[in-house]
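Novice: Below is the structure, and that's it, no one-letter string:
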């Protein structure tokens, strides 16, 4: 019953997000067509109870415009961004839509998240209790697994992989949960500093890597078609479009040039993104492209052999 109520709260939030403003009659019409109503209208008292529960559980206020009798989410911008609450609500909303569309299940193709998510519950438990974890980890850089103690500070989802950040030896280390062989709680505890903020830690960063280097101004020029993709799915929250014409657009970023960001620029390819600045990044991309061309231009040698 609790899960059913939870799904109904998410349905109401998602419905108001999609439609913006709705009267009680309009909400009731949509409600009766959902899988949760059994074709029955939503009683006014039930609706008010849902509003209160949503405010208490998700900190989302559903207000009423007295002039039009329309209900709306007071601060819709709070339901945008990368926070855990936003991610959870979006995930639950999609889950609800899938449940309502069982007849389409063979026509809906989803991306798989590696099995690292099976360790999430124990990591969350360790974070709540500030307990140290004992883990066996298979790094891509090592042949064998290593056993270590980890104090989980926070977790982050990036490119369909869950990562745990651990403060050890006076620095923060990253563990990809899909490379964890085993994980268990220890009896040891750690102190999570009140002054630490994962959001501040990743400010000016791209992906999962972090560096103490200062943020830099990055300018990319991309073809008009690629610009459409960047407008709808920005590379980074600092993205600004500086110039635009029928052939290309110029985008500005302020971030740290970490390996994750360099890899993203390489992945776009020279035909999809030209680095205008900084010169160091432009030179790095040019060198990598030159090496790639050399691989294909040297007969009898593989790319790995050519780099030796």
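Specialist: Okay, I see it. Bear in mind that the values here come from a model prediction, so they are computed numbers and not experimental data.

Novice: In three-state terms, how would residue 181 be classified?
Specialist: Put simply, residue 181 is strand when judged by DSSP: H, G, I helix; E, B strand; the rest coil.

Novice: Skipping its backbone neighbours, what lies nearest it in space?
Specialist: Counting by C-beta to C-beta, 6 or more residues apart in numbering, residue 181 lies nearest to residue 136, which is 4.1 Å off, once chain neighbours are set aside. Using the backbone N, CA and C atoms, a C-beta is placed for each residue, glycine as well.

Novice: Then residue 15?
Specialist: Per C-beta to C-beta, 6+ apart, closest to residue 15 is residue 30, 5.8 Å.

Novice: quick one, what contacts that neighbour?
Specialist: Residue 30 makes contacts with 15, 19, 22, as judged by C-beta atoms under 8 Å, 6 or more residues apart in numbering.

Novice: ok, 10 Å please
Specialist: By C-beta atoms under 10 Å, 6 or more residues apart in numbering, the contact list for residue 30 reads 11-12, 15, 18-19, 22, 37, 42.

Novice: Okay, and which of those map to strands?
Specialist: residue 22 (DSSP state E).

Novice: quick check, nearest of the contacts of residue 30 to residue 272?
Specialist: residue 18 (32.4 Å; C-beta to C-beta).

Novice: so what pLDDT did the closest one get?
Specialist: With respect to pLDDT, residue 18 has a value of 82.

Novice: where in the stretch 201-308 of the chain is pLDDT low?
Specialist: 270, 298-308 (pLDDT under 70).

Novice: what about the helices in it?
Specialist: 224-232, 259-268, 279-297, 303-307 (DSSP state H, counting those that start in this stretch).

Novice: just the stretch 51-200 of the chain next, same as before
Specialist: Along the stretch 51-200 of the chain, counting by DSSP H, counting those that start in this stretch, helices occupy 84-100, 120-129, 198-201.

Novice: which one of the helices of the stretch 201-308 of the chain lies closest to residue 46?
Specialist: Closest to residue 46 of the helices of the stretch 201-308 of the chain, according to C-beta to C-beta: helix 224-232, at 37.4 Å.

Novice: Quick one: residues in contact with that closest one.
Specialist: 220-222, 235, 239, 241, 244-251, 268-269, 271-273.

Novice: Can you check what angle separates it from helix 259-268?
Specialist: If you take axes from the mean of the first three to the mean of the last three C-alpha atoms, to 10 degrees, helix 224-232 sits at 150 degrees to helix 259-268.

Novice: what helix or strand is residue 30 on?
Specialist: helix 24-32 (DSSP states H and E).

Novice: in that helix, what counts as buried?
Specialist: Going by neighbour count (16 or more other C-beta atoms under 10 Å), the buried part of helix 24-32 is 24, 27-28, 30-31.

Novice: From the residues you listed, pick the one nearest residue 195.
Specialist: Closest approach to residue 195 among these (C-beta to C-beta): residue 27, at 43.7 Å.

Novice: Can you add distance to residue 59 and pLDDT and give the buried residues of helix 24-32 back as TSV?
Specialist: Converted to TSV, the buried residues of helix 24-32 look like this (distance: C-beta to C-beta, whole Å; pLDDT from 0 to 100):
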residue	distance to residue 59	pLDDT
24	23	93
27	21	92
28	25	91
30	24	90
31	23	91
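
Novice: Residue 5: which of those is nearest?
Specialist: Distance to residue 5, by C-beta to C-beta, is smallest for residue 31 among those, at 14.1 Å.

Novice: Okay, now the unreliable bits of the stretch 1-150 of the chain?
Specialist: Scanning the stretch 1-150 of the chain for pLDDT under 70 picks out the ranges 1-3, 78-117, 141-146.

Novice: Could you rerun that using 80?
Specialist: 1-7, 35, 57-58, 76-118, 120-121, 139-147 (pLDDT under 80).

Novice: Give me the phi and psi angles of residue 6.
Specialist: The phi and psi values for residue 6, taken as degrees, to the nearest 10, are phi -60, psi -50.

Novice: tally of neighbours for it?
Specialist: Using other C-beta atoms under 10 Å, residue 6 has 14 other residues around it.
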